[in-house]
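Novice: got a sequence here, can you model it:
(chains A, B and C)
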Amino acid sequence: MKLFKTVEMPLVPIIVEMNMTGALLDLAYLAALNREFVGRLDEIKDKIIQSVRQTLHDPQLTFNIASVKQLNDIFFEKLKLPTDKLRKSQHGRSLDADALEALKPYHPAVGLLLDWRALEKLRNTYVEAMPPMVDSEHRVHTFYNQIGASTGRLSSESPNLQNIPIRTDEGRRVRKAFIAPPGYRLLSVDYSQIELRILAHYSEDEALIEAFRQGQDIHRATAALVNGIPLDQVTKEQRYFAKRVNFGLMYGMGAQRLAREGELSRNDAQRFIDNYFKRLRGVKAYLDGTKERARTQGYLETLFGRRRSFERLRNPLALHGGETSQLEREAINMPIQGTNADIIKIAMVQLSARLKAEKPRARLILQVHDELVLEVPEDDIPATAALVRDIMENVCELRAPLKTEAKVGLNWADMDELP
DNA sequence: TCTGTCACG
DNA sequence: ACGTACGTGACAGAC
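Specialist: Numbering: from 1, shown residues only, chains lettered A, B, ... in the order given. So this is what the prediction gives:
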C-alpha cells in the first residue's frame, strides 16, 4: 500500500482518489515498443560511430555517445566543429538540443545524435521505467506532492505522470500506453488558455478581456492589435510570434531573448514589445505593479489568498547581484501560476464530491496542472463530461471567462474532441 | 552528490 | 557588457 503524505492545508484538502485508482498501462504494448526502440537505438548509435570513424579515417575509434565530455572531445578536438555561439559548461561546450541544432550542418553525426537522444529519453524515462512500477492490476500510482512547488502547483513523482510525452509523434506513441479498462473511456478536460485569462483578469486590460469574452483566438487577436491590422490579415508567423510574446511576458521575458527566438533584430523585438505595452496597457501595469507589491509588501498572494514570500526582495541588503531580476520574474509569474493551481484544486475538491454522489463509477485518475483525466464508463461519458466542465468553468468568475475543452478516447493519445 | 539534458504545463 | 522566460522530476555520466 502506498503511503501518502498528509499535510493540513488551509486552502484545499488532500485528494487521494486519483492515487487510489492509479493509471492503467498497456504492458504488452509497452514491451513491443521497448523492443522496437532498442533496435532503432542500436542502429542509430552504430551509424553515429561509423560516420565519425569515416571522417577521421580511424576505424578503431570508439566513444560513449551519451557522454557530453567525450562528445566535446570528438566534436571540437577531433572533428573541429565551430564552437562560437555555444555556451560553455563544465566539460567544454554545452551540447543540448539547441546547440546540436546549430551544429547540424557541419557533420551527419549531429543530426543522428539528436534522433538518438530523443529516443533514448523516451525509452529510459518512460518505456522501460514504468512497467516495473505497476501493481497487480497494471496500474501505476504516482505521488502528488502538495507542498513542493513554490507557486502552489502540485508536482508528481515516482513516476512523474505530469510529464508524459505529447509534443512529438514518437512521444505520443508512449502516451498511447495509458489506456482505459474494458467498458470505460478516458475523459480529459483541460482549461483553455487559463493563465492568459488570469492575466487578463489581474491586468483588467480591456482589449485582452474583450478578446476572451468574444471567444477570439487570443494570439491572433494580440497580433492584430499590436500590428494594427484586422484579425483576418494576421499571418501565421505574426500569430506565432504574438503567442511567444504572450507566454514570454508572463515569465518576465526580455527583448533580448525575444529577438533571439523570433529571429529578428534586437531593435525590432524591442519595438514589438513597446507596441505591445502601448496597446495592452493593463498588462504593463500588472507587470510593474506586481514587482512593486512584492518589493514593498515582501509577499504576493493568489486570487484565493495563497501566499508566497518575497521577503528577500523587500530587503535589498540581503541580495547579491543578479538575484533581483530573478526574483522579479518569479514574482510576475507566481500569482498567475498560483491562481491556476488554486482554481483546478478547488475544481478537484468539488468534482470529488459530485462524482461520489452522482457518478460513482467515474474516477479521477490524473491532474496535469490545467487538465483533469478521468476513467468513465462508456454510457456515462456525455453526462460526466458536462459535469466536469460545469464544475471547472464555474469555480469562480474571472473578468475573462473560464473555458474548457473535453476529449474522450480509448487511450491518452488518441482522443476525440467532444462538442 | 552534482551537472547536463530533456520530458511536461 | 552581460546574462536571464516561470514551475516541476528523472535519467546518465562525472566525480
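Novice: now name the helix or strand holding A:Lys291.
Specialist: Taking DSSP states H and E as the definition, one finds A:Lys291 inside helix A:281-297.
Novice: and the strands in the stretch 251-400 of chain A?
Specialist: Assigned by DSSP state E, counting those that start in this stretch, the strands in the stretch 251-400 of chain A fall at A:299-301, A:307-309, A:363-367, A:371-377.
Novice: what's the second one in contact with?
Specialist: It stands for strand A:307-309. For strand A:307-309, the surrounding residues in contact (CB atoms under 8 Å, 6 or more residues apart in numbering) are A:150-152, A:298-301, A:334, A:338. Every C-beta, even on glycine, is put in place using the N, C-alpha and C of the backbone.
Novice: hang on, the earlier thing: what about the helix holding A:Lys291, distance to the chain center?
Specialist: How far helix A:281-297 lies from its chain's middle: 25 Å, per CA atoms, centre = their mean, to the nearest Å.
Novice: dihedrals phi and psi, A:Leu161?
Specialist: phi -100, psi 10 (degrees, to the nearest 10).
Novice: check contacts around the closest residue to A:Asp342 other than its chain neighbours.
Specialist: Leaving aside its chain neighbours, A:Asp342 sits nearest to A:Phe304 (4.3 Å; criterion: CB to CB, 6 or more residues apart in numbering). A:Phe304 makes contact with A:11, A:339, A:342-343, A:346 under the criterion CB under 8 Å, 6+ apart.
Novice: same list (those residues) but as JSON lines, adding distance to DNA strand B, pLDDT and neighbour count.
Specialist: Below are the contacts of A:Phe304 laid out as JSON lines (distance: CB to the nearest atom of the strand, whole Å; pLDDT from 0 to 100; neighbours: other CB atoms under 10 Å):
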{"residue": "A:Leu11", "distance to DNA strand B": "19", "pLDDT": "49", "neighbour count": "15"}
{"residue": "A:Thr339", "distance to DNA strand B": "13", "pLDDT": "97", "neighbour count": "26"}
{"residue": "A:Asp342", "distance to DNA strand B": "14", "pLDDT": "95", "neighbour count": "23"}
{"residue": "A:Ile343", "distance to DNA strand B": "12", "pLDDT": "96", "neighbour count": "23"}
{"residue": "A:Ile346", "distance to DNA strand B": "16", "pLDDT": "94", "neighbour count": "17"}
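Novice: which one of these sits closest to DNA strand C?
Specialist: A:Thr339 (13.1 Å; CB to the nearest atom of the strand).
Novice: quick one: contacts for that closest one?
Specialist: A:Thr339 sits next to A:198, A:302-304 when contact means CB under 8 Å, 6+ apart.
Novice: A:Arg281 versus that one, what's the distance?
Specialist: A:Thr339 sits at a distance of 21 Å from A:Arg281 (criterion: CB to CB, to the nearest Å).
Novice: same deal with A:Arg257?
Specialist: 23 Å.
Novice: next one: A:Ala223
Specialist: Taking CB to CB, one finds A:Ala223 at 18 Å from A:Arg281.
Novice: check A:Gly183 too.
Specialist: As for A:Gly183, its distance to A:Arg281 is 54 Å (criterion: CB to CB).
Novice: those two: which is more packed in?
Specialist: Using other CB atoms under 10 Å, the more surrounded residue of A:Gly183 and A:Arg281 is A:Arg281, with 14 against 9.
Novice: next, the nearest residue to that one once chain neighbours are set aside: phi, psi?
Specialist: Spatial nearest neighbour of A:Arg281, chain neighbours left out: A:Asp205 (6.8 Å); criterion: CB to CB, 6+ apart. Backbone torsions for A:Asp205, taken as degrees, to the nearest 10, come to phi -70, psi 120.
Novice: what do you get for A:Asp190?
Specialist: phi -130, psi 150.
Novice: got the contact list for it?
Specialist: A:368, A:370-372, A:404-405.
Novice: check A:Leu258 too.
Specialist: Counting by CB under 8 Å, 6+ apart, A:Leu258 makes contact with A:244-245, A:248, A:269, A:272-273.
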